[in-house]
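> The following comprises the amino acid sequence and a computationally predicted model.
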Amino acid sequence: MRRGLGRLPSRTGDPVPGAAGGLLRALRWAYERGDELGIDRDRIGIVGGSAGGGLAAGLALLARDRAEVPVAFQALTYPMLDDRQATGSWRSGPPIWVASTNQFGWCAYLGANSDGETPGHASPARADDLSGLPPAFITVGNLDGLLDEDIDYARRLIRAGVPTDLHVFADGAHAFDSLMPETAIAKRARRVLEDWLAAHLHPAR
């Protein structure tokens, strides 16, 4: 087990092992049934947005450390990565997904662990070691309270040698692409993500 990830809690009713363990089991299930389901085992990726982006990042960490399923890439759109919520972008008073809502989300997810030491697979920004992770795509709007933690995580991935694409969209609040799908900024964000996914799902031979 790598430093900073901690061990999976085992208390009954604790939501963290249920989420992390359940995601890993689903990933393993898909991998083991690749032939049956028509899955290319070499191109399995993890995608998630907002809270799902944090879960995807945590799953990438957990999959790396368990070394059971190879993950080809991780695509994280405005991911929730840090339960500490201590960055300047939160203090700036972001619209839509405000600090109190974000805090409620973390408390609901972490449950009993919210007052203790949170492992990196639950709050990825807390992981000490980001080396060996699959290529990453991270996108966030500059009006999102998650801006600073997402940028910092991308920088740490780059320093750890992980191929990383970071896109910050001007005038983008949290979930701008899903809340305002017909706007120019949302369409541009979708194109950027689709182009990145296409390159990783169908790499040049």
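Structure's in. What do you need?
> the helices in this protein, which residues?
For the chain, applying DSSP state H gives helices covering 15-32, 34-37, 51-66, 88-91, 99-110, 147-159, 176-179, 184-201.
> okay if I get those as CSV plus mean pLDDT and distance to Val168?
For glycine as for every other residue, the C-beta is placed from the backbone atoms N, C-alpha and C. Converted to CSV, those look like this (pLDDT from 0 to 100; distance: least, Cβ to Cβ, whole Å):
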stretch, mean pLDDT, distance to Val168
helix 15-32, 83, 27
helix 34-37, 92, 35
helix 51-66, 95, 15
helix 88-91, 94, 11
helix 99-110, 93, 18
helix 147-159, 98, 7
helix 176-179, 94, 12
helix 184-201, 96, 11
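> Which one of those helices lies nearest to Ala122?
In this view, the helices of the chain are compared for proximity to Ala122 by Cβ to Cβ, and helix 15-32 is the closest at 4.8 Å.
> so what does that closest one touch, helix or strand wise?
Helices and strands touching helix 15-32, by 3 or more Cβ pairs under 8 Å, 6 or more residues apart in numbering; DSSP states H and E, are helix 51-66, helix 99-110.
> Alpha carbons only: can I get that helix in CSV?
What follows is helix 15-32, C-alpha atoms only, in CSV (Å, rounded to 0.1, in the frame of the first residue of the first chain):
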residue,chain,number,x,y,z
PRO,A,15,-19.9,4.6,3.0
VAL,A,16,-16.3,5.0,2.0
PRO,A,17,-15.4,1.3,1.6
GLY,A,18,-18.8,0.7,0.0
ALA,A,19,-18.1,3.3,-2.7
ALA,A,20,-14.4,2.4,-3.3
GLY,A,21,-14.9,-1.3,-3.0
GLY,A,22,-18.0,-1.3,-5.1
LEU,A,23,-16.3,0.7,-7.9
LEU,A,24,-13.3,-1.6,-7.9
ARG,A,25,-15.5,-4.7,-8.1
ALA,A,26,-17.5,-3.2,-11.0
LEU,A,27,-14.2,-2.4,-12.8
ARG,A,28,-12.9,-5.9,-12.2
TRP,A,29,-16.2,-7.4,-13.4
ALA,A,30,-16.0,-5.5,-16.7
TYR,A,31,-12.4,-6.4,-17.1
GLU,A,32,-12.9,-10.1,-16.5
